[in-house]
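Colleague: Sharing a sequence plus its predicted fold:
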Amino acid sequence: MRSGQGQGSHDIMPGAKHILVINGPNLNLLGSRETRHYGRDTLKAINARLARRARDAKVRLVAFQSNSESTLVERIQQARGQGVDFIVINPAAYTHTSVALRDALAAVGIPFVEVHLSNIFSREPFRRESYFSDIAVGVVSGLGARGYELALEFALQYSGKR
């Protein structure tokens, strides 16, 4: 998936739950970048597994990746008007730097789970600080690509309001 590009959703019944998966900078390089931290799965493969599970659950799922902070902020802001019920987000490096993304998530009020492929708490000290965790419904960290699948399962079952 190219930067700033969304992966299309599949046809689902009107009124079905709508889940948005957002991936931040450099995640388009998964599978070839620092595999000891991030594994060998590509973002395309991860998104394909999520799409299959969503299809099975009859849920609308849209995946989006960008290396641009402003593009990610805009995509989050659009989510509210599009009826997104839940967000799964891997902010990647913006986890530790982006007040703008945090503010966008807080502003739209859509519940979200923060996902990290590596265990950010066992890495460099600067990676241990997240601007998102305290406003997230949950955090999945260190479980590799499986973390996305677990976050999606949670989103499928989530019915609470923030």
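Modeller: Noted; the coordinates are in hand.

Colleague: Could you report the neighbour count for A48?
Modeller: 13 (other C-beta atoms under 10 Å). Backbone N, C-alpha and C define where each C-beta goes, glycine included.

Colleague: what does the model give it for pLDDT?
Modeller: We have a pLDDT of 97 for A48.

Colleague: From the chain's centroid, how far away is stretch 129-144?
Modeller: Between the centre of stretch 129-144 and the centre of its chain there are 11 Å (C-alpha atoms, centre = their mean, to the nearest Å).

Colleague: average model confidence for that stretch?
Modeller: Summarised as a single mean, pLDDT over stretch 129-144 is 91.

Colleague: Tell me the buried residues in that stretch?
Modeller: For stretch 129-144, a neighbour-count test (16 or more other C-beta atoms under 10 Å) marks 130-132, 135-137, 139-141, 143-144 as buried.

Colleague: need the contact list for the residue nearest the centre of the chain.
Modeller: For the chain, the residue nearest the mean C-alpha position is I89 (2.1 Å; C-alpha atoms, centre = their mean). Neighbouring residues of I89 by C-beta atoms under 8 Å, 6 or more residues apart in numbering: 21-24, 105, 112-115, 132.

Colleague: switch to 7 Å and redo it
Modeller: 22, 112, 114-115 (C-beta atoms under 7 Å, 6 or more residues apart in numbering).

Colleague: List of residues touching stretch 74-83?
Modeller: Residues external to stretch 74-83 that are found in contact with it (C-beta under 7 Å, 6+ apart): 18, 20, 22, 64, 87, 104-105, 108, 110.

Colleague: Repeat the analysis, applying 10 Å as the threshold.
Modeller: Stretch 74-83 has contacts (C-beta atoms under 10 Å, 6 or more residues apart in numbering) with 4, 6, 15-18, 20, 22, 60, 62, 64-66, 68, 84-87, 89, 100-101, 103-110, 112.

Colleague: go on, stretch 95-102?
Modeller: Identification of contacts with stretch 95-102 by C-beta under 10 Å, 6+ apart yields 22, 24-25, 69-70, 72-73, 76, 89, 91-92, 94, 104-105, 114, 116, 120, 124, 126-136, 141.
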